[in-house]
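Asker: next come a sequence and a model predicted from it.
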Amino acid sequence: MDLRRLRYFVAVAEARSVGKAAERLRMAQPPLSVQIRKLEAEVGAPLFRRGTRGMDLTEAGQALLARAGEALALAADGVEAARAVAAGRRGRISIGYMFALANAVLPRLIPELRRSIPGVELHFAELSASTREARLLDRSVTVALCMPAINHPEIQVARVGAQPLMLAMPIRSPLSRLGAVPMAKLHGRPLIALPRPEQDPASSAVTALLRRHQVVMPIASRVETVHSAMSLVLAGEGFAILPACAKLGAPQGIVFRPLRDATDSIDVAVCWRRDSHSPLIRTFLKCAEKVVAPM
């Protein structure tokens, strides 16, 4: 049903006169009469009858009026909701995050998002190195906070910060007594490694660091998440070179130490599909930059 005709019908019903309704609507009377007749044809029944005091509603007209106001209000709400979503004031955003960033970022990022987009529903999903790309591509997450950035032609990336690499080890290790661990001390020690970048395994920040210092660490295990790496470190299976933010979620019994003569870091990035044009992504990016950059 044409909402314009419905609005005309309500105006005539309230004024009980086509002429008075036309004045209120700022239109000529004949076109308004035409629209009322078209609405009656669409309904299949007369909506008005002429009475002694003007235009009276028929039973069909009374039934339509009882719902017309509600329909017009719902339509107006729908338009406003669409405008709010388009402007990024309302809607829903699904946010993916890597486990290593959870404790360092989420406690500050979520309040910032709540302040910036209070009318938006926030959903969160933990991601791993093997799931983050697929979750973005299948649209089950809108935007992802990743470390390192995703390298894929269909995914847009914006760097928002970086985390220095540190050595994670059991507190009982002799190296834990050092304020900073020389790279040479790592030679020959077992490494608990994270997944290599699929596009270019040699581009791994840890691989590049070890190669540059001519240090060889045999891989004892390669695990999916920072959490799993720290569990194996705690069990004495080896050492792990992890981003500094991981120490916020480290279990008791693990210590982190900086690496001497090594300033290598790993990028923190916001990632989303290139074909996604949600204004919420821009807002999320601004909030992430504000929170992550000072880390």
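Answerer: Great, that's in hand. No experiment lies behind these values; they were computed from the predicted model shown.
Asker: show me where the stretch 1-150 of the chain dips below the pLDDT cut-off.
Answerer: Counting by pLDDT under 70, the ranges of the stretch 1-150 of the chain that qualify are 1, 76-89.
Asker: determine the longest strand present in the protein.
Answerer: Counting residues, the longest strand found in the chain (DSSP state E) is strand 155-170.
Asker: partners of it, with directions?
Answerer: Its sheet considered, strand 155-170 pairs with strand 240-243 (antiparallel), strand 254-260 (antiparallel), strand 265-273 (antiparallel) by DSSP bridges.
Asker: out of those, deepest packed?
Answerer: Across the strands paired with strand 155-170, averaging neighbours per residue (mean count of other CB atoms under 10 Å) puts strand 240-243 on top, at a mean of 26. (C-beta placed from N, C-alpha, C; glycine too.)
Asker: distance between the longest strand of the chain and the chain's centre?
Answerer: Its chain's C-alpha centre and that of strand 155-170 lie 20 Å apart, by CA atoms, centre = their mean, to the nearest Å.
Asker: quick revisit: out of the strands paired with strand 155-170, flag the one nearest A41.
Answerer: strand 265-273 (47.2 Å; CB to CB).
Asker: the closest one: what's the following helix or strand?
Answerer: Downstream of strand 265-273, the next assigned helix or strand under DSSP states H and E is helix 279-292.
Asker: what is the burial count for the nearest residue to V268 once chain neighbours are set aside?
Answerer: Using CB to CB, 6 or more residues apart in numbering and skipping residues adjacent in sequence, the residue nearest V268 is G161, 4.3 Å away. The local packing of G161 (other CB atoms under 10 Å) involves 20 other residues.
Asker: got the contact list for G161?
Answerer: With contacts defined as CB atoms under 8 Å, 6 or more residues apart in numbering, the neighbours of G161 are 267-268, 289, 292-293, 295.
Asker: ok, P243 next?
Answerer: By CB under 8 Å, 6+ apart, the neighbours of P243 are 100, 147, 163-166, 226, 265-266.
Asker: buried among those residues? Make that a ChimeraX selection.
Answerer: Per 16 or more other CB atoms under 10 Å, the buried members of the contacts of P243 correspond to this ChimeraX selection:
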select :100,147,163,165,166,226,265,266
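Asker: can I get the contacts of P243 in TSV with distance to R211?
Answerer: Formatted as TSV, these follow (distance: CB to CB, whole Å):
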residue	distance to R211
A100	23
M147	21
Q163	20
P164	18
L165	14
M166	18
V226	22
S265	16
I266	16
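Asker: and which of the contacts of P243 is nearest to L47?
Answerer: Closest to L47, out of all of the contacts of P243 and judged by CB to CB, is M147, at 64.3 Å.
Asker: any figure for the gap between the closest one and S128?
Answerer: Taking CB to CB, to the nearest Å as the measure, M147 falls 12 Å from S128.
Asker: repeat that for A134.
Answerer: Taken as CB to CB, the span from A134 to S128 is 10 Å.
Asker: who has more neighbours out of these two?
Answerer: S128 (17 against 11).
Asker: contact partners for S276?
Answerer: Shown in contact with S276 (CB under 8 Å, 6+ apart): T142.
Asker: quick check, pLDDT for it.
Answerer: Note for S276: predicted pLDDT of 88.
Asker: burial count for L57?
Answerer: Residues near L57, counting by other CB under 10 Å, number 20.
Asker: same check on the one 3 residues further on?
Answerer: Other residues near A60 come to 15 when the count uses other CB under 10 Å.
Asker: pretty sure it contacts L39?
Answerer: No - contact between A60 and L39 fails when scored by CB atoms under 8 Å: they sit 10.8 Å apart.
Asker: overlap of the contact sets of the two?
Answerer: In contact with both A60 and L39: L47, using CB under 8 Å, 6+ apart.
Asker: from C287, how far off is the residue nearest to V268?
Answerer: Relative to C287, G161 is positioned 13 Å away (CB to CB).
Asker: the helix or strand containing P30 packs against which elements?
Answerer: Here P30 sits within helix 29-43, counting by DSSP H and E. Using 3 or more CB pairs under 8 Å, 6 or more residues apart in numbering; DSSP states H and E, the elements in contact with helix 29-43 are helix 3-15, helix 18-25.
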